[in-house]
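Trainee: this one's structure only:
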Ligand code: SAH
């Protein structure tokens, strides 16, 4: 059996240097190849114009570049674009381009499906199949950068890890992707323009702080009361509020970077005065801002967007302790591109969401 070519982009710069040294090639080849596979983002070894043909052939005998392909791009009336991204093994994830006046934001996926089972999220209906590789994450970002140029004449400005999957359950690959995205010989984007959103895994949040990351952290909180949060987010049984709070305090001490809480308010779930009170108490302990996200219905009767008065109660109570809470309208709803709606709805059988 002919072994399938190895992924060239799984090699680090040091790996490339070692490889070319073994092959008796000049050491600058490593930097050239690295530049082609990351900064220039070629899809084929034969496109590396300054690499001699003989070396291209030698590389191609063992390695290949496995690029993603955007097989479908749906355009929302508000400008948002949702991509179906086909991975080299045929699995599909989704990514979203969100344009605003000043920004082009890429919302990217970190896993195929998700294992967290949050009751209100459409992605939870997809089985978690596997983690994405650094190259697969990087390619989503690159594709959106190109779409930004093509459709809006503007480059990518921000990235949010708010697509499918839990980025902190794919820690190594997500951080490697961010390293490639931020390094000058990658996309050169500032880490301050990247936000990683997590369901809130205390150990991994502390690890981020210890690893000295420079990007922002957002936490999908949705309730500051264990009895409520556990009902809608099973992870809370393993990582209850007190533990999460302790990890967030640790993060802030280490990074001095304010955390964002993502919070949806649902009728009869978390719209009571005690829910507001619990969030206020938590926010007194950690410097945060709160994004009150509009609920995007996923066809579950238990969840209904709360009344505007309920949102107002949160905003007012938080303002009283000096915490900014903004109500965020969703983008791309008409094409199921909004928060929590990524579920491969338009896909062929076998990859379609499991029934609710
Ligand atoms: N696993 C990570 C990344 C997903 S981000 C995390 O949990 O943060 C997706 C964001 O959309 C999360 O804040 C999630 O809580 C929110 N979300 C999920 N379903 C939603 C829905 N139906 N309506 C609005 N927001 C939703």
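Mentor: Now that the structure is in, tell me what you want to look at. Because the structure is a prediction, the values reported are computed rather than measured.
Trainee: Okay, now the unreliable bits of the stretch 201-350 of the chain?
Mentor: Applying pLDDT under 70 to the stretch 201-350 of the chain flags residues 346-350.
Trainee: As a check, name the ranges of all strands in it.
Mentor: In the stretch 201-350 of the chain, the strands defined using DSSP state E, counting those that start in this stretch lie at 216-220, 259-263, 288-293, 325-328.
Trainee: Now the residue of the stretch 1-150 of the chain found nearest the ligand, what are its backbone angles?
Mentor: Per CB to the nearest ligand atom, residue 121 is where the stretch 1-150 of the chain lies closest to the ligand, at 3.5 Å. The way it works is simple: take the backbone N, C-alpha and C, and place the C-beta from them, glycine included. The phi and psi values for residue 121, taken as degrees, to the nearest 10, are phi -110, psi 130.
Trainee: Could you dump the strands of the stretch 201-350 of the chain into TSV and include distance to the ligand and mean neighbour count?
Mentor: TSV is the format used below for the strands of the stretch 201-350 of the chain (distance: least, CB to the nearest ligand atom, whole Å; neighbours: other CB atoms under 10 Å):
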stretch	distance to the ligand	mean neighbour count
strand 216-220	3	22
strand 259-263	4	21
strand 288-293	5	20
strand 325-328	9	16
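Trainee: ok, which residues in this structure are in contact with the ligand?
Mentor: Taking CB under 6 Å from any ligand atom as the contact definition, the chain meets the ligand at 120-121, 162, 166, 197-199, 220, 262, 264, 293, 295-296, 298, 339-340.
Trainee: ok, of these, which come out buried?
Mentor: 120-121, 162, 166, 197-199, 220, 262, 264, 293, 295-296, 298, 339-340 (16 or more other CB atoms under 10 Å).
Trainee: which one of the residues you listed is nearest residue 254?
Mentor: residue 198 (15.9 Å; CB to CB).
Trainee: show me what contacts the closest one?
Mentor: Residue 198 makes contact with 166-168, 204-205, 217-220 under the criterion CB atoms under 8 Å, 6 or more residues apart in numbering.
Trainee: Can you lay out the residues you listed as CSV showing distance to residue 286?
Mentor: Shown next, in CSV, are the contacts of residue 198 (distance: CB to CB, whole Å):
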residue, distance to residue 286
166, 21
167, 20
168, 18
204, 17
205, 11
217, 11
218, 13
219, 10
220, 15
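Trainee: so who does residue 70 touch?
Mentor: 83-86, 143.
Trainee: Could I get those in JSON lines, plus columns for pLDDT and secondary structure?
Mentor: Listed next are these as JSON lines, based on pLDDT from 0 to 100; DSSP: H, G, I helix; E, B strand; the rest coil:
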{"residue": "83", "pLDDT": "97", "secondary structure": "strand"}
{"residue": "84", "pLDDT": "96", "secondary structure": "strand"}
{"residue": "85", "pLDDT": "97", "secondary structure": "strand"}
{"residue": "86", "pLDDT": "97", "secondary structure": "strand"}
{"residue": "143", "pLDDT": "97", "secondary structure": "helix"}
